[in-house]
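Engineer: A structural model of the following input is requested.
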Amino acid sequence: MTRRRLLGLGATSAAAAAVGSTLGGCAATSSSQADNAEVQTLRYGQDPCQFVELTLPVSGAGPMPVAVVIHGGFWRSAYGLELGRPLASSLSGRGWAALNIEYRRVGNGGGYPTTLVDVAASIDLLADAGQIGARENDLELDLARVVAIGHSAGGQLAAWAATRGRQAPGSPGADPVVALSAVVSQAGVLDLRACAREGLGAGAAQAFLRGEPDQVPDRYDQASPIEHVPLGVPTLCVHSSRDENVPIRQSEGFVAAAVAAGDDAELATVEGDHFTVIDPEDPSWERVLDWLDRLDGLG
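Structural biologist: This next block holds a predicted model:
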């Protein structure tokens with residue numbers, strides 16, 4: 001049976017109560033994970049939203065690759081990591097460890113720079129509490145094979161996380177402990193200036209970065225993935241041509257710019273709507289899994 005445990009920063013009865021609460025729109029509650037995996041709840045800060053769920057296969061041979069699952073929701077507090085749980089379960093069934101992350105968003109203390117700092121800290125948690133949790137189950141995380149998989153606004157965060165090593169010293173999320181080896185963007189918001197210009201998510205980019213592009217240009221420069229091509233890691237963008245929430249031109253423009261800059265980047269155009277791409281029963285998810293299997297050293 002799936003077991004849930006509390007590890008990492010603040011592993012006390014008070015922290016456990018905070019994790020189980022719904023303060024700030026965040027909660028680590030029972031999920032529909034498959035019985036062939038263990039789910040560990042790890043904290044990387046004291047805020048109720050600063051936690052992750054590490055899903056581990058019950059057995060494995062050799063160090064296993066890690067997928068960091070980053071949910072979307074236009075950086076707002078209305079949506080949480082429950083959106084990533086089905087993908088985390090699917091990945092564990094393929095022999096991957098999956099780190100499904102929660103983070104502070106607009107409406108519960110997030111926005112720039114807090115959201116970026118949280119995403120960076122949650123990924124770096126793999127090097128300590130994540131690895132400890134895996135070893136307690138006689139498993140090992142391969143921290144040289146860490147892929148970020150992000151949906152919608154999570155696609156921005158996943159692609160941004162690949163730029164951390166090239167961000168200016170002192171910038172939010174700079175100097176990573178754990179570097180990414182690949183990125184999957186699922187209907188991702190990859191051009192924040194275009195997001196603001198087109199009014200996507202009713203001003204979501206402006207709320208996230210706390211201003212218009214001409215007001216806080218440095219924030220758009222730092223956080224927008226298209227400003228950082230080449231990312232330097234293989235990148236797959238999966239997007240429906242009928243997506244009405246985040247238009248496919250976000251992925252088309254990013255992939256074109258990335259390829260022109262010398263990146264290994266590709267676009268998989270799929271059928272469905274904005275949320276089809278995070279349905280593990282949809283063929284679009286199988287395309288992601290196949291792409292991961294084809295990556296050199298990740299199959």
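
Engineer: count of residues packed around the residue lying closest to Ile101 once chain neighbours are set aside?
Structural biologist: In space, and not counting its chain neighbours, Ile101 is closest to Ser122: 4.2 Å by C-beta to C-beta, 6 or more residues apart in numbering. In short, each C-beta sits where N, CA and C put it, glycine included. Using other C-beta atoms under 10 Å, Ser122 is surrounded by 26 other residues.

Engineer: Which residues does the helix or strand where Ser122 lies contact?
Structural biologist: In the assignment (DSSP states H and E), Ser122 maps to helix 114-124. Under the criterion C-beta atoms under 8 Å, 6 or more residues apart in numbering, residues 44-45, 49-50, 52, 68, 70, 75, 99, 101-106, 110, 146, 148, 157, 160-161, 164, 172-173, 176-178, 180, 208, 223 lie in contact with helix 114-124.

Engineer: Isn't Gly62 up against Leu141?
Structural biologist: No. Gly62 lies out of contact with Leu141 (C-beta atoms under 8 Å); the separation is 11.0 Å.

Engineer: Give me the more crowded residue out of these two.
Structural biologist: When neighbours are counted by other C-beta under 10 Å, Gly62 and Leu141 differ, and Leu141 comes out ahead with 24 against 8.

Engineer: For that one, name its beta-bridge partners.
Structural biologist: Taking DSSP bridges as the rule, Leu141 bridges to Met64.

Engineer: For it, give me its contacts.
Structural biologist: Shown in contact with Leu141 (C-beta under 8 Å, 6+ apart): 63-64, 66, 97, 126, 130-131, 134.

Engineer: Look up how far Leu125 lies from it.
Structural biologist: As for Leu141, its distance to Leu125 is 11 Å (criterion: C-beta to C-beta, to the nearest Å).

Engineer: Could you give the number of residues near Leu292?
Structural biologist: Using other C-beta under 10 Å, Leu292 has 22 other residues around it.

Engineer: sorry, back to before: of the contacts of Leu141 - the most surrounded one?
Structural biologist: If you count neighbours using other C-beta under 10 Å, the busiest of those is Ala97, which has 30 neighbours.

Engineer: Now Gly201: closest residue in space that isn't a chain neighbour?
Structural biologist: Using C-beta to C-beta, 6+ apart and skipping the chain neighbours, the partner closest in space to Gly201 is Phe74 (3.7 Å).

Engineer: pLDDT value on the residue most central in space within the chain, please?
Structural biologist: Centroid-nearest residue in the chain, with C-alpha atoms, centre = their mean: Ile70, separated by 2.3 Å. The model reports Ile70 with a pLDDT of 98.

Engineer: next one: the one 5 residues further on
Structural biologist: Predicted confidence (pLDDT) for Trp75: 98.

Engineer: Next: Val58.
Structural biologist: pLDDT, Val58: 81.

Engineer: Could you measure from it over to Pro65?
Structural biologist: Separation of Val58 from Pro65 (C-beta to C-beta) stands at 17 Å.

Engineer: okay, those two: which has more neighbours?
Structural biologist: Between Val58 and Pro65, counted using other C-beta under 10 Å, the more crowded position is Pro65 (24 against 14).
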